[in-house]
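Trainee: A structural model of the following input is requested.
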Amino acid sequence: MNEVDEALLKESDPKGLYIGPLSRYDYMMSPEEVGDFLGQSSQAVTNYLRSKELIGVKAGGRWRIPKKCLIEFMYE
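Mentor: Numbering: from 1, shown residues only. Next comes the predicted model:
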């Protein structure tokens, strides 16, 4: 991860609650990875994405969630 990505993550996580635990994941996470982190199913994560509660990108028919968006979702 580059310095810009790290700065954006720190800005999104002012209390520093999630950056450490999320460090084992790539910056762009799958619904399965997000579900694993949240303790929810990948289907629940997909539902959050479809309802726009959680921001993600659909590429090639597969969802990807930037860590920054996941952190913002958890702070809401």
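Trainee: Please name the strands paired to the longest strand along the chain in the sheet, noting orientation.
Mentor: In terms of residue count, the longest strand belonging to the chain (DSSP state E) is strand 62-66. According to DSSP bridges, strand 62-66 has the following sheet partners: strand 28-29 (antiparallel), strand 57-59 (antiparallel).
Trainee: Leaving out chain neighbours, which residue sits closest to residue 10?
Mentor: Leaving out its chain neighbours, the residue that sits closest to residue 10 by Cβ to Cβ, 6 or more residues apart in numbering is residue 19, at 6.8 Å. In this view, the C-beta of every residue, glycine as well, is placed from N, C-alpha and C.
Trainee: let me fix that: residue 54
Mentor: Nearest non-adjacent residue to residue 54, counting by Cβ to Cβ, 6+ apart: residue 48, 3.8 Å away.
Trainee: Which of the helices or strands spans the one you found?
Mentor: In the assignment (DSSP states H and E), residue 48 maps to helix 42-50.
Trainee: Which residues does that helix contact?
Mentor: The contact list for helix 42-50, computed with Cβ atoms under 8 Å, 6 or more residues apart in numbering, reads 30-32, 34-35, 38, 54-56, 58, 63, 65, 73.
Trainee: Show the buried residues in those residues.
Mentor: Among the contacts of helix 42-50, those buried by neighbour count (16 or more other Cβ atoms under 10 Å) are 30, 31, 34, 35, 54, 56, 63, 65, 73.
Trainee: I'd assumed residue 70 was in contact with the third one.
Mentor: Yes - counting by Cβ atoms under 8 Å, residue 34 does reach residue 70; the two are 6.0 Å apart.
Trainee: tell me, what's touching the two both at once?
Mentor: Residues touching both residue 34 and residue 70 by Cβ under 8 Å, 6+ apart: residue 54.
Trainee: about what we covered before: just name the most buried of the strands paired with strand 62-66.
Mentor: Highest mean neighbour count among those (mean count of other Cβ atoms under 10 Å): strand 28-29, with a mean of 18.
Trainee: After it, heading C-terminal, what element do we hit next?
Mentor: helix 31-38.
Trainee: what's the most distant pair in the contacts of helix 42-50?
Mentor: By the measure Cβ to Cβ, 38 and 58 form the most distant pair in the contacts of helix 42-50, at 19.2 Å.
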